[in-house]
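model this:
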Amino acid sequence: MFKEFLLPCHKKIVESFDYHVLHTHSGFSKLAEWSLENKHLKAIEVVIDRNGPKIEDLIALWKKIQTQKPLILEGLLSGKELHLGLSELSPGGLFLDIDIVAEDKLNIADFYSRQTKPEIVERN
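So this is what the prediction gives:
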């Protein structure tokens with residue numbers, strides 16, 4: 001359905017701008033994958049959803065994106081998750097807007113129940 005109805009419209013929108021970045025979320029990673037077909041799209045931004053797929057399960061798609069376009073990752077990660085990403089992804093064309101948070105603070109239910117941002121261990 002996306003390829004048939006939305007991709008042609010998406011292509012027209014992207015072609016109207018000199019530099020267009022697609023904003024997506026890791027909870028629905030198919031959009032980023034499908035959008036790789038749009039050759040005029042300059043970069044793909046992925047907001048990491050804590051209640052979405054595990055980082056380990058997203059690495060393959062992010063590598064695929066990096067073979068075609070710059071990748072922007074944004075969100076909360078544990079130090080372990082950040083290390084995994086840095087060891088698996090190419091630094092070329094990679095932009096990280098990441099807050100490093102203690103693993104016990106990454107629980108999304110805990111995050112929203114307190115309605116405060118978890119204490120950031122390190123800011124990159």
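
wait, H25 sits on V47?
Yes - the pair H25 and V47 qualifies as a contact (Cβ atoms under 8 Å) at a distance of 4.9 Å. (C-beta placed from N, C-alpha, C; glycine too.)

dump the residue contacts of K3.
With contact taken as Cβ atoms under 8 Å, 6 or more residues apart in numbering, K3 is in contact with W34, E37.

over to E33?
Shown in contact with E33 (Cβ under 8 Å, 6+ apart): L61, K64, I65.

show me which of those is closest to F17.
The shortest approach to F17 among the contacts of E33 belongs to I65, at 19.5 Å (Cβ to Cβ).

part of a strand, is L96?
Yes - remark: L96 belongs to a strand, assigned using DSSP: H, G, I helix; E, B strand; the rest coil.

for it, grab the count of nearby residues.
Per other Cβ atoms under 10 Å, the neighbour tally for L96 reads 16.

which ones are touching it?
By Cβ under 8 Å, 6+ apart, L96 lies in contact with I72, L73, E74, L82, G85, N124.

in a strand, the fourth one, correct?
No - going by three-state DSSP, the assignment for L82 is helix, not a strand.

that one - how many residues pack around it?
Using other Cβ under 10 Å, L82 is surrounded by 19 other residues.

confidence score at it?
Looking at L82, its pLDDT reads 95.

how much space separates it from F5?
Separation of L82 from F5 (Cβ to Cβ, to the nearest Å): 37 Å.

now do the most centrally placed residue in the chain against K12, distance only.
The centre of the chain sits closest to V46, judged by Cα atoms, centre = their mean, with a distance of 1.9 Å. To K12, V46 is 23 Å away according to Cβ to Cβ.

swap in S26?
Noted for S26: a distance of 26 Å to K12, by Cβ to Cβ.

neighbour count: these two, which is higher?
Ranked by neighbour count (other Cβ under 10 Å), S26 and K12 place S26 first, with 23 against 10.
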